Each structure stands twice: as structure tokens, then as C-alpha cells.
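Asks: Mind looking at a prediction? Sequence and model below.
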Amino acid sequence: MLDLLQEKLAGIFKNLRGFGKLSESNVADAVKEIRMALLAADVNYQVAKELCEDVRKRAMGQEVLSSIKPGEQFVKVFHDALVDLFKEQEPGIHSVRPLRILLCGLNGAGKTTTAAKLGLWFKRQHQSVALVAGDVTRPAAIQQLQTLGKSLDIPVLTWPEEKSVERLVELARAEATQRGIRVLIFDAAGRLDADEELLAELQAVALKLEPQETLLVADAAAGQTAGKVAQAFQSRVALTGIVLSKFDGDARGGAALSMQRMTKCPLKFLGVGEKPDGLEVFMPERLVGRLLGMGDIVGLVERAQEAFDSASMEKMEERLKKNSFDLQDFVDQMKFIRKLGPLENLLGMMPGFNKLPISSIDENKVGRLEAIILSMTPQERKKPDLLNARRRQRIAKGSGSTVTQVNELVTRFNEMKKMLGRLKGSSPEKMMSQLMGGQRR
Ligand SMILES: Nc1nc2c(ncn2[C@@H]2O[C@H](COP(=O)(O)OP(=O)(O)OP(=O)(O)O)[C@@H](O)[C@H]2O)c(=O)[nH]1
Ligand SMILES: [Mg+2]
């Protein structure tokens, strides 16, 4: 699922990486390619068009962060636009109890399977749940649900002799009330098409069942057709959500991206397997993350955006210009770096860093240096020359280090300060990379 689209997008982002900046022309090219990739993945034309326009506008409005590669920045822009496709999303399922859920959809869409999956989902939340076999014409359909119910130890309410679906709903409601069932899941009959017969029956069921949730189960592989089918159902019953089944299959992903926009109806669950535990609550972030496969880049850019324009960079530059960089600045800088996250992730983000072998920066070591500096008095941090043997012993003890480690730090700091003298006037990122490089053993 989504593999092809994922691959194409990765290629587009890779191309952008070669550019120094996001410009009108390289953004336009990337957006054009994205549109083609979306259409090839069977995303609805209108949805693809709107999404691309949104991406283009956002990308051009971005402040360019010198510390981030254009490709990475663009990934973040695209990520946010995709997540916003689902922004009218009503999270989860109705909390009212007793809850009645009506599952509808075309033949073979996955209704009965989804009924069992949802049953298990509620059961795992310790809610008393029952399934109703709503197909009054096909005995095999009742059997299928019964078998599933039995294997999961979930009651299935059936009246095989009852030929009126409306009467069936009445019986089921009465039985559920009597048994104190909190969640009743009605597995409606399917048809080949969303024709008059099917829709009329469904409408009648809905009228009697008064479901708080009416979920359309649609096959992810149906692509754009899934959206059209949903619209047909919507004309007769008030859908509250969509379950996209067979998401584990080889569908191209278009339905997942278009359904919600086309129907203005939230995607609530994904069917990700034939087995009863193959159900996922739909989370836009997760889908988009899976699609882009670049969750760490998005996180990095977010943190960089938060931190890089922070005043601390300017402050440090100022200190360097005046040549008054001291151990306090060193520790501030270190904290700042740590705030950004695991050091390894940062490497690719900062020019200069990315040239260092990853193993050369040891996170534990940064923690150790920080602890040592924090054990110094403010005066000592300002004037490391004060650090005589006695003080070094005290600091070692206070930070749980050895005197040798304290000595090492002081030596390295002095080396660094010398080096900083040479660095005056260079960019903050470059200074940072030199700083961190200076901690190598
Ligand atoms: N791989 C996979 N298969 C699924 C999924 N959901 C359903 N299926 C399969 O799809 C087929 C049809 O599923 P059903 O649940 O019987 O479909 P239905 O909508 O109840 O069909 P009718 O009652 O005939 O209208 C079965 O073989 C299921 O095992 C899913 O999420 N992933
Ligand atoms: Mg069925």
C-alpha cells in the first residue's frame, strides 16, 4: 500500500535537495511532479489540485532556514498540507452509550469483517458488545457473522426466520436492551451497486435503528470510485464516518487521501488485514508519516524552526565577536543543542555537522561535560583560570566525575576558545559545528 506514491515522492524530495534554496521555479516543478504522482495514485483530481495549490503557497511563504536543506523544508510543508487534508476529522467514535452502529457498503467491501473487528475493539475496552446479522436474504451471511462471533466470544443476535429487516432491527434493539448490551453493531446487507433497492432498505434500517454512528465500509482498492459510492450512500443516509478496508492490499492510496475531502465525512478506521485484529483507528499523522516515510525529518525541521531563530544564536554570535565566550556560554549552547533532540539526528541538519562521522559525537559525553560545568560556580564558569586543583576536585565530586575528566574539559575548552578566535565572523551554525567537533576525542 502506498509504496509507489511513497517512492515517487521520495524521488521528488531528493531532487529538491540539490538546490540551495526553495525558489518559485523549483517549487513549481516539484509541485507539478507531486500532482502527477497523486493522480497516478488515483487521488481525486480536484483534491490533488487543491492540495498542490496549498503546498505551493505554503512553500513560497516559508522563511528559509539556512540550517535546513530545501528538500527537508519542503517535506515539512508537504507533510503539513497533507495532515490538513483531514483537519475536519472528528476523532474516534461516539462516546454515547448505549451506542448503535450501522455498517453499510457494497458487496464484499468488508462490512462483516469490520463488524467483527469493531466488536473485538470494543470488547478489548471491556464494553459489552453484540453483533447483529442484518442480511435477511442470505443465510450464508448470517453464518459468517456467527462463526466470527463465536471465535471472538462476542454474542451475535440473529433471527434466521425473520424476513423483514425492519422487524429484525426492532427485535435486536429489544434484545440488546434486555441483555444490557452497551454497543450494538448492525452488519447490513450489501449489494453490487448503490442502487435504489439497497439504499431504500438501508434508509428503512436507519430509521428503525436510529444509529449514532453510520459507517460506510469501502474497499481502499476502489480508488476514486470509493468516493463516488460514498456520495451515493450519503444522499440517503447520514454517514458519520468511513472505514477504509483492505488498506493492507496493493491499492494505490488515492482513496485514503481523497475520501474525506470528497465526502466531508471523516475517515475513522482502516482495515489492515483479514483477521479480527486488523483494524486501526485512523490517525492522519500516522498515514502521512507512512506515506512520506520521513517522520524524523519532519520532527527535525519543527524543532529547528522553533530553536534556530531563537535569540540564543544571536547572543552567542555577539559574545564571540567580543571574544568573551566562557564556560557559561558553553553550557547554554550545550543545553540548546540538547533541546533539539538526539545529537545524531542533528548531524544531517547542520552544515558542517553532516561532514562529521556520526560516531564522533557521543551523547553521553555531552551529558558528562554539561554535568561538570553545572557543578562549577558562576565565577568559575566565567573565569576558568580560577580552576585550581582543589576546585577541580570539588567539581569532580559534585558532578560524579573524575578529576581527569574535569581536566580534559578545561583543556578542551581552552583549545576551543583559541579556535573560536579564528572563527570570528562565521555563521552561528558553523560555529556550532566547530564547537561540537571540538569535543571529539
Ligand atoms: N486483506 C484484507 N482483507 C479484508 C479486509 N477486510 C475484509 N477483507 C476480506 O474481504 C472479503 C469480503 O469481506 P466481507 O467482510 O465478507 O465483506 P462484506 O462487505 O460483508 O460482503 P457482503 O456481506 O457480501 O456484502 C473477505 O475475504 C475478507 O476477508 C482487510 O482489511 N484486509
Ligand atoms: Mg457481509
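Replies: Nice, thanks for sending it over. Ligands and ions are numbered 1, 2, ... in the order given.
Asks: Pick out the least confidently modelled helix or strand of the chain, by mean pLDDT.
Replies: helix 343-347 (a mean of 48; mean pLDDT, DSSP states H and E).
Asks: for the residue in the stretch 201-350 of the chain that ligand 1 sits nearest to, what are its contacts?
Replies: Taking C-beta to the nearest ligand atom, ligand 1 has its nearest neighbour within the stretch 201-350 of the chain at residue 271, 2.6 Å off. For every residue, glycine as well, the C-beta is placed using N, CA and C. By C-beta atoms under 8 Å, 6 or more residues apart in numbering, the contact list for residue 271 reads 110, 113-114, 117, 217, 220, 243-248, 278-279.
Asks: Please repeat the previous calculation with a cut-off of 6 Å.
Replies: Residues in contact with residue 271 (C-beta atoms under 6 Å, 6 or more residues apart in numbering) are 110, 245, 246, 247.
Asks: How about the contacts made by the closest residue to it other than its chain neighbours?
Replies: Sequence neighbours aside, residue 245 is the residue nearest to residue 271 in space, at 3.4 Å (criterion: C-beta to C-beta, 6 or more residues apart in numbering). Residues in contact with residue 245 (C-beta under 6 Å, 6+ apart) are 110, 217, 219, 271.
Asks: bridging residues for residue 245?
Replies: Residue 245 forms beta bridges with residue 219, as assigned by DSSP bridges.
Asks: And residue 183, by the same measure?
Replies: In beta-bridge terms (that is, DSSP bridges), residue 183 pairs with residue 99, residue 129.
Asks: Tally up the residues packed near it, please.
Replies: 24 (other C-beta atoms under 10 Å).
Asks: correct me, but it touches residue 126?
Replies: No. Distance between residue 183 and residue 126: 11.1 Å, which falls outside the contact criterion (C-beta atoms under 6 Å).
Asks: helix, strand or coil for residue 133?
Replies: Using DSSP: H, G, I helix; E, B strand; the rest coil, the structure places residue 133 in strand.
Asks: pLDDT of the single longest helix found in the chain, averaged?
Replies: In the chain, ranked by residue count with DSSP state H as the criterion, the top helix is helix 403-423. The pLDDT scores in helix 403-423 average 76.
Asks: ok, residue 47 to residue 223 distance?
Replies: Going from residue 47 to residue 223 by C-beta to C-beta, to the nearest Å gives 12 Å.
Asks: And residue 83, by the same measure?
Replies: Taking C-beta to C-beta, one finds residue 83 at 22 Å from residue 223.
Asks: Then residue 162?
Replies: 37 Å.
Asks: Among those two, which residue is more densely surrounded?
Replies: Using other C-beta under 10 Å as the criterion, residue 162 and residue 223 rank with residue 223 on top: 20 against 15.
Asks: hang on, the more buried one packs against residue 254?
Replies: Yes. With contact defined as C-beta under 6 Å, residue 223 reaches residue 254; the gap is 4.7 Å.
Asks: joint contacts of those two?
Replies: What both residue 223 and residue 254 touch, as defined by C-beta under 6 Å, 6+ apart, is the set residue 42.
Asks: Which secondary structure state is assigned to the residue lying closest to residue 160 once chain neighbours are set aside?
Replies: The shortest distance from residue 160 to any non-neighbouring residue, by C-beta to C-beta, 6+ apart, is to residue 142 (6.0 Å). Here residue 142 is recorded as helix under three-state DSSP.
Asks: From residue 2, how far out is residue 142?
Replies: Distance from residue 142 to residue 2, by C-beta to C-beta: 35 Å.
Asks: other SSEs contacting the helix or strand in which residue 261 is found?
Replies: In the assignment (DSSP states H and E), residue 261 maps to helix 254-263. If contacts are counted by 3 or more C-beta pairs under 6 Å, 6 or more residues apart in numbering; DSSP states H and E, helix 254-263 sits against helix 224-234.
Asks: residues of the helix it packs on that come out buried?
Replies: 224, 226, 227, 229, 230, 233, 234 (16 or more other C-beta atoms under 10 Å).
Asks: From what I see, the fifth one and residue 216 are in contact.
Replies: This points to residue 230. Yes. Here residue 230 reaches residue 216: they are 5.5 Å apart, a contact under C-beta under 6 Å.
Asks: Measure how buried the residue of the stretch 51-200 of the chain found nearest ligand 1 is and give me the count.
Replies: When scored by C-beta to the nearest ligand atom, the stretch 51-200 of the chain has residue 190 as its residue closest to ligand 1, at 2.4 Å. The local packing of residue 190 (other C-beta under 10 Å) involves 22 other residues.
Asks: again with the one 3 residues further on
Replies: Using other C-beta under 10 Å as the criterion, residue 193 is surrounded by 12 other residues.
Asks: Not including adjacent chain positions, what is the nearest residue to it?
Replies: residue 106 (7.1 Å).
Asks: Looking at the one you found now. What's its pLDDT?
Replies: 94.
Asks: I'd like the numbering to begin with 27 instead of 1 from here.
Replies: That works, and once the first residue is 27, the last one we named lands at residue 132.
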